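Engineer: only the shape, not the letters, is given here:
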């Protein structure tokens, strides 16, 4: 069997990085996209649209973490790629989001070449990983891993006195606990 050479589309990848950076771009070409703010919600909408265009299913868990999944030949545990799309104030354009964009480009490349993976491929976007709006950092992944208590995290307040739970409810990105990824997923 001859292996097919597969290449990512570098120009598309560059354009995707710029399109994500447009959501919260700062004067000096950085990004401010605090968790569950208007900029974060817009980039989530953009990411979701990109994934759905590829035929991926998109779900959210109870902490707002996004799971975009491309079906595989089997329904076994997925290959997971991702990170987060929130930033610190005046953050870099690549921190966190590059893991999400890289996953998106992997799926786009699979679709371009008509390759159906053996196992599902899931791109994850964790909520409030930077902790720039709601402390502590790594909030959603901390709840997922059992490091943080969900009820405590939902009551964390931003500088304006808004709780994480209130912002999550208002965002439209609160899903179900049953959508959380597990080792058996």
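Structural biologist: Looks like it came in fine. The structure presented is a predicted model; accordingly, all values stated were derived computationally and were not measured.

Engineer: residue contacts, the most centrally placed residue in the chain?
Structural biologist: Nearest to the geometric centre of the chain sits residue 125, at 1.8 Å (Cα atoms, centre = their mean). The neighbours of residue 125, taking Cβ atoms under 8 Å, 6 or more residues apart in numbering as the test, are 44, 47, 65, 66, 68, 82, 83, 84, 85, 100. Quick note: C-beta positions are derived from backbone N, CA and C, even for glycine.

Engineer: swap the cut-off to 10 Å and go again
Structural biologist: 40, 43-44, 47-48, 51, 58, 60, 64-68, 82-86, 96-97, 99-100, 103, 140, 173 (Cβ atoms under 10 Å, 6 or more residues apart in numbering).

Engineer: so, low pLDDT: which residues of the chain?
Structural biologist: 1-2, 184-185 (pLDDT under 70).

Engineer: helices - which of the contacts of residue 125 land there?
Structural biologist: 40, 43, 44, 47, 48, 51, 97, 99, 100, 103, 140 (DSSP state H).

Engineer: in a markdown table: these, plus neighbour count and distance to residue 78.
Structural biologist: Shown next, in a markdown table, are those (neighbours: other Cβ atoms under 10 Å; distance: Cβ to Cβ, whole Å):
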| residue | neighbour count | distance to residue 78 |
| --- | --- | --- |
| 40 | 27 | 24 |
| 43 | 25 | 22 |
| 44 | 24 | 20 |
| 47 | 25 | 17 |
| 48 | 17 | 17 |
| 51 | 23 | 13 |
| 97 | 27 | 20 |
| 99 | 19 | 15 |
| 100 | 25 | 15 |
| 103 | 24 | 11 |
| 140 | 28 | 18 |
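
Engineer: would you say residue 17 is within a helix?
Structural biologist: Yes. Applying DSSP: H, G, I helix; E, B strand; the rest coil, one finds residue 17 inside a helix.

Engineer: what count of nearby residues applies to it?
Structural biologist: Using other Cβ atoms under 10 Å, residue 17 has 16 other residues around it.

Engineer: hang on, the earlier thing: and of the ones in helices among the contacts of residue 125, the nearest to residue 121?
Structural biologist: Taking Cβ to Cβ as the measure, residue 103 is the one of the ones in helices among the contacts of residue 125 closest to residue 121, at 7.6 Å.

Engineer: understood, closing this out.
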